[in-house]
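Q: attaching a predicted model along with its sequence, questions to come.
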Amino acid sequence: MHERFAAAGPPSSGPSPERRTSPRVALASRVEVEIDGSEVAAQGASLDLGIGGLCIRLAQAVPLELVTGIRIPNGRRELALRARGAWQRASPTDESYMLGVEFLAPPPGELTALWQLLNQRALELSRFLVDQSEFANTDIDILMDLSLCTRRREFIEGVQIYAEGAAPWDESSIFIVAQGSVGLSARGANARAVDLGTVSVGEVFGGVPAVLGIPHVDSAHALTPVQLLEIDSYSLDSLGREKPVVGRTLERAALRHYLRRFPAMLAAMAEPTPAAAPHA
């Protein structure tokens, strides 16, 4: 991570709801959220799973203080865990809500099942990165560590993922496209929008504020419904301190992405040369 961001660290106003102290992995699974006093569980979909908790996408907000547990399908059995609501917020891109739950002292059998599910999903993501991404020649141990820092993000067609010029700590994520395609653009001559191309499955984009310490040099929006693997600024910071080889691998991939586009970016954004005035 760029020293400007590493020195600044997370915002001083308090910890991000997404911050983790344990591994997490992007996971797409149906989840039922048990609510005290309700006979019907709230239905949601997981975004990421960790040993300590789960991030869930819900169609409607739930009473945070009344969350008592979750249930996740896990092969032929169901993983049922006591949990409490840790945080909740509206999604910035659609009308859904994101709920974070903390597991409460899972018994040994359930803890073992959690670790197995976590590692199985990390291995699946590592295989995807080997087979369909620019990380094909990367050591599998590095890819496993990278997979254990991911979150699943979904965007509908036309939604902006981040904006040129923005540089807040919590919008500095590096993304890997898992499904769909993303369009990049920037303000060119006379503030017109310049198309910088498309990011497809397996390609990396984003992360400029965290890697270079400058605002985003482009804007990104979903050209189709997309699923992304997100490595956020907190995970990047943790990787830089605890697993620097993994952090450097990811940051170099983000830099290569922009270096490939840099000549075209400069050409497209150059001011047009004024026409010479006719001689009398």
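A: In hand now; what should we look at?
Q: how is this protein divided into domains?
A: 24-119, 149-269 (automatic domain parsing).
Q: okay, these in CSV with mean neighbour count, mean pLDDT and distance to Glu134 next?
A: For every residue, glycine as well, the C-beta is placed using N, CA and C. Shown next, in CSV, are the domains of the chain (neighbours: other CB atoms under 10 Å; pLDDT from 0 to 100; distance: least, CB to CB, whole Å):
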stretch, mean neighbour count, mean pLDDT, distance to Glu134
domain 24-119, 17, 92, 18
domain 149-269, 18, 86, 6
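Q: could the ones you listed go into a markdown table alongside distance to Thr138?
A: Shown next, in a markdown table, are these (distance: least, CB to CB, whole Å):
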| stretch | distance to Thr138 |
| --- | --- |
| domain 24-119 | 17 |
| domain 149-269 | 6 |
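Q: show me the helices in this structure, by range?
A: 3-8, 108-132, 140-147, 208-212, 233-242, 244-269 (DSSP state H).
Q: among the ones you listed, which comes closest to Gly202?
A: Closest approach to Gly202 among the helices of the chain (CB to CB): helix 108-132, 4.3 Å.
Q: show the secondary-structure elements that that closest one is packed against.
A: strand 24-26, strand 42-50, strand 67-74, strand 77-90, helix 140-147 (3 or more CB pairs under 8 Å, 6 or more residues apart in numbering; DSSP states H and E).
Q: now these in TSV, with distance to Ala253?
A: Shown next, in TSV, are the helices and strands packed on helix 108-132 (distance: least, CB to CB, whole Å):
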stretch	distance to Ala253
strand 24-26	17
strand 42-50	20
strand 67-74	31
strand 77-90	29
helix 140-147	10
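Q: what's the closest of those to Glu251?
A: Minimum separation from Glu251 across these (CB to CB) falls at helix 140-147, 11.4 Å.
Q: tell me what angle that closest one forms with helix 108-132.
A: Here helix 140-147 runs at an angle of 110 degrees relative to helix 108-132 (axes from the mean of the first three to the mean of the last three CA atoms, to 10 degrees).
Q: helix 140-147 vs helix 244-269, what angle?
A: Going by the same axes, to 10 degrees, helix 140-147 makes 70 degrees with helix 244-269.
Q: now do the contacts for Leu114.
A: By CB atoms under 8 Å, 6 or more residues apart in numbering, the contact set of Leu114 is Leu49, Ile51, Leu79, Leu81, Phe103, Pro106.
Q: what would the helices of the chain look like in JSON lines with distance to Phe155?
A: Shown next, in JSON lines, are the helices of the chain (distance: least, CB to CB, whole Å):
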{"stretch": "helix 3-8", "distance to Phe155": "24"}
{"stretch": "helix 108-132", "distance to Phe155": "19"}
{"stretch": "helix 140-147", "distance to Phe155": "21"}
{"stretch": "helix 208-212", "distance to Phe155": "19"}
{"stretch": "helix 233-242", "distance to Phe155": "19"}
{"stretch": "helix 244-269", "distance to Phe155": "18"}
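Q: which of the helices and strands packed on helix 108-132 sits closest to Gly180?
A: So among the helices and strands packed on helix 108-132, strand 24-26 is nearest, using CB to CB, at 14.8 Å.
Q: the closest residue to Glu110 other than its chain neighbours pairs with what?
A: Sequence neighbours aside, Leu81 is the residue nearest to Glu110 in space, at 5.9 Å (criterion: CB to CB, 6 or more residues apart in numbering). Beta-bridge partners for Leu81, by DSSP bridges, are Ile70.
Q: what sits against Leu81?
A: So Leu81 contacts Gly69, Ile70, Arg71, Ile72, Phe103, Leu104, Pro106, Glu110, Leu114 (CB under 8 Å, 6+ apart).
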